[in-house]
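Engineer: Sequence first, then the predicted structure, then my questions.
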Amino acid sequence: MLFFLPFVLMKKILFVFLLGMIWQEGFSQYVYGNTGLLHMPTADMQRDKTFLFGASYLDVAATPAHWNYHTFNYYINITIFPWLEIGYTCTLHKAEHGSTYFPPSVWGKYCNQDRQFSGRLRIWKEGWWKEWTPQIVLGANDPSTNDILGNSDKDDYGIGGVGEMGNGHWNRYYIAGTKHFYFKNRGELGIHVAYLYNKRKDYHLNGPAVGVNFHFYLSGTNFFVKALNNLNVMAEYDSRTINCGLKYSFWKDYINAVVEMTECKHLSGGVIFKVHLK
């Protein structure tokens, strides 16, 4: 998949990758509220019966064009079976000045929210056939929201008939593959590729995506080693932008802080709480 990307883009991705590598045990995407890298989906799954909830600050660059201001979100997510994950995410809206829908008392304030469901289905487990075979996941975000603008001259599409300009702002469909490589006394390298599809004009995600991760397995008990083993640095091309960031795990991965630079310059971040129900 890398060879389908422009050479300059490949160099940028490799440069970001060299800045740092990450640990991946079912990363949680603070933007979508489900498993993946920062924006890019992966085929990693959370542990069976894992419950996630979190909240984030989103720079305007990390959102669809519907948001022309910085905003926040919050979400819940559960891996019902080791092969099925579902989530529910809310992203806050401000009332525009001059709005006829909201009263003047709330203009310019957060007073509403966009709601979206997400789902991920593992269709192939890593190493099922041969040791080298990757894990494969099918997924969707915001798949059931219909076109509220009534664009009769636009072709609806997808499972829920989300139009080009409707209120399915976070809509995307994807297939993702992930393969891990283990290096003794060093760590675990993950390589992820995906193909995303939608027809939205305000959040156009069509085409290949690629990302990398590395989980350090360093021996030692000193403070530096422990700190490094909890630090995760991410790099991805999500079919639209190049993003990098880091995650730090506290208290045996129950609490995770995520910081992202969309386009490697716009700062967003959030906190994710993880509980294993089994």
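Structural biologist: Looks like it arrived, so ask away.
Engineer: Just give the number of residues close to the closest residue to residue 277 other than its chain neighbours.
Structural biologist: Among residues not flanking residue 277 along the chain, residue 49 sits closest, at 4.1 Å (C-beta to C-beta, 6 or more residues apart in numbering). For glycine as for every other residue, the C-beta is placed from the backbone atoms N, C-alpha and C. Residues contacting residue 49 under the criterion other C-beta atoms under 10 Å number 14.
Engineer: Also residue 47?
Structural biologist: The tally of other residues near residue 47 (other C-beta under 10 Å) stands at 14.
Engineer: these two touch, right, it and residue 276?
Structural biologist: Yes. Using C-beta atoms under 8 Å, residue 47 is in contact with residue 276, at 6.1 Å.
Engineer: Overlap of the contact sets of the two?
Structural biologist: Taking C-beta atoms under 8 Å, 6 or more residues apart in numbering as the criterion, residue 47 and residue 276 do not both touch any residue.
Engineer: Report the secondary structure element holding residue 211.
Structural biologist: strand 207-216 (DSSP states H and E).
Engineer: Output that strand in PDB with nothing but the alpha carbons.
Structural biologist: This file holds the C-alpha atoms of strand 207-216, laid out as PDB (Å, rounded to 0.1, in the frame of the first residue of the first chain):
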ATOM      1  CA  GLY A 207      -8.500   6.200  -0.300                       C
ATOM      2  CA  PRO A 208      -5.700   4.400   1.500                       C
ATOM      3  CA  ALA A 209      -4.400   5.100   5.000                       C
ATOM      4  CA  VAL A 210      -1.200   3.800   6.600                       C
ATOM      5  CA  GLY A 211       0.200   4.000  10.100                       C
ATOM      6  CA  VAL A 212       2.900   2.400  12.400                       C
ATOM      7  CA  ASN A 213       3.300   1.600  16.100                       C
ATOM      8  CA  PHE A 214       5.900   0.200  18.400                       C
ATOM      9  CA  HIS A 215       5.500  -1.200  21.900                       C
ATOM     10  CA  PHE A 216       8.800  -1.200  23.900                       C
END
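Engineer: Report the distance from it to the chain centre.
Structural biologist: 12 Å (C-alpha atoms, centre = their mean, to the nearest Å).
Engineer: Quick check: which helices or strands does it pack against?
Structural biologist: Applying 3 or more C-beta pairs under 8 Å, 6 or more residues apart in numbering; DSSP states H and E, one finds that strand 207-216 contacts strand 187-197, strand 231-237.
Engineer: Where among these is average confidence lowest?
Structural biologist: Here the lowest mean pLDDT among the helices and strands packed on strand 207-216 goes to strand 231-237, at a mean of 88.
Engineer: partners of that strand in the sheet?
Structural biologist: strand 207-216 (antiparallel), strand 242-250 (antiparallel) (DSSP bridges).
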